[in-house]
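> Turn this into a structure:
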Amino acid sequence: MSGKAKQGISPKDGLCSSDGRILTTAGQVICASVQGASHKFNNTECQDAYKVMMFGDIVILAVADGHGSDSCPHSKTGANIAVDVFCRIMRKFCGVYVSEAGVLEDYLSREGSAVARGIDAAWKRAVETHSSDNSLNSPTIWKQHGTTLIGAVITPTFCFALQIGDGDILRVDSQRVRAVIACEKILGVQTHSLCHDGAWRNAVTVVEPCRAHTALMMSTDGFANSYPDETAFHGACREYYTAITQHGAELVQENLSGWLDETSENGSGDDITVLIAM
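As a prediction, this is how the structure comes out:
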């Protein structure tokens, strides 16, 4: 792995960021988003978005991949709205149950579908508000802003994860990589999307205990699609974990954008966004 230096990480609680400068006392969070090589060639903006929010000792993370097709001209905005909505709603839940982690864990375990339904509804309201064309019906507006969404809430005792559409959310250590949510592959380039009516029904949610000496790694599908198979992809994920544990989070953060640029150029050509929470 090689690349150009970027902004590093400093410890500070309470900062929300979407530009790679993640400051937290609740563990190391490393992140970068790069424009895909094919998008650079075609002068198309990066359609990915991400956000990291810190709340005490809780970390809330989200990544989204706007579809970027001709029928989805506002998908970059849709992706930005998706990560904002996830972080805002989950921040509210965490605030309500701030001193009752067990109650929060039990609620998210039982009511994952209800949480997904709330996120779906909030996203659709937000994109309708964003639209300036009053002649369009709601489904058309949703389609124009189409995007996937992956989100996670990491507490000291458990992790909640949600996924609508493609991308990956993985547990990684030096020995193995395990999918927190098994990515549902759909034929061709199609994927589940927030723009679909009843998108929450296609959401998958998981609650699992936190595990020491592992990283939670979230990425848009341009990352995995840059490798010939799952074995090679998981091997790359372990390399990132090893680099962090052996050389430090700051060095990896400094080089992450350059490494992802290289990965896109040699692989899928797609935008790539990666978040790694240690």
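
> residue ranges with poor pLDDT in the chain?
The chain contains residues with pLDDT under 70 at 1-27, 183-190.

> Pull the contacting residues for the nearest residue to Cys195 once chain neighbours are set aside.
Nearest non-adjacent residue to Cys195, counting by Cβ to Cβ, 6 or more residues apart in numbering: Gly146, 3.6 Å away. All C-beta spots, glycine's among them, are computed from the backbone N, C-alpha and C. By Cβ atoms under 8 Å, 6 or more residues apart in numbering, the contact set of Gly146 is 66-67, 69, 71-72, 75, 78, 193-195.

> 7 Å instead, please
Gly146 is in contact with 66-67, 72, 75, 78, 193, 195, counting by Cβ atoms under 7 Å, 6 or more residues apart in numbering.

> Which strand or helix spans Arg211?
Using DSSP states H and E, Arg211 is not contained in any helix or strand.

> Now it. Its backbone dihedrals?
phi -130, psi 130 (degrees, to the nearest 10).

> again with Ile154
The phi/psi pair for Ile154 (degrees, to the nearest 10) is phi -110, psi 120.

> How many neighbouring residues does it have?
When neighbours are counted by other Cβ atoms under 10 Å, Ile154 registers 20.

> do the one 4 residues further on as well
Phe158 is flanked by 18 other residues according to other Cβ under 10 Å.

> Please name the nearest non-neighbouring residue to it.
Excluding the flanking residues, the one nearest Phe158 by Cβ to Cβ, 6+ apart is Glu105, at 4.8 Å.

> ok, now which ones touch Ser240?
Wrong residue type there; residue 240 is Tyr, not Ser. 252, 276.

> returning to that earlier point: tell me which entries of the contacts of Gly146 lie within helices.
Among the contacts of Gly146, the residues falling in helices (DSSP state H) are 75, 78.

> which secondary structure elements does the strand or helix carrying Glu105 contact?
Using DSSP H and E, Glu105 sits within helix 101-110. The contact analysis (3 or more Cβ pairs under 7 Å, 6 or more residues apart in numbering; DSSP states H and E) places helix 101-110 against strand 204-209.

> Let me know the angle separating the strand it packs on from helix 101-110.
150 degrees (axes from the mean of the first three to the mean of the last three Cα atoms, to 10 degrees).

> what lines up beside strand 204-209 in the sheet?
strand 158-164 (antiparallel) (DSSP bridges).

> Can you give the distance of the strand it pairs with from its chain's centre?
Distance of strand 158-164 from the chain centroid (Cα atoms, centre = their mean, to the nearest Å) equals 10 Å.

> Please apply the same query to stretch 30-48.
That offset, for stretch 30-48, works out to 15 Å (Cα atoms, centre = their mean).

> Three-state assignment for the residue most central in space within the chain, please.
Most central in the chain under Cα atoms, centre = their mean is Val63, positioned 2.2 Å from the mean C-alpha point. The three-state label given to Val63 by DSSP: H, G, I helix; E, B strand; the rest coil is strand.
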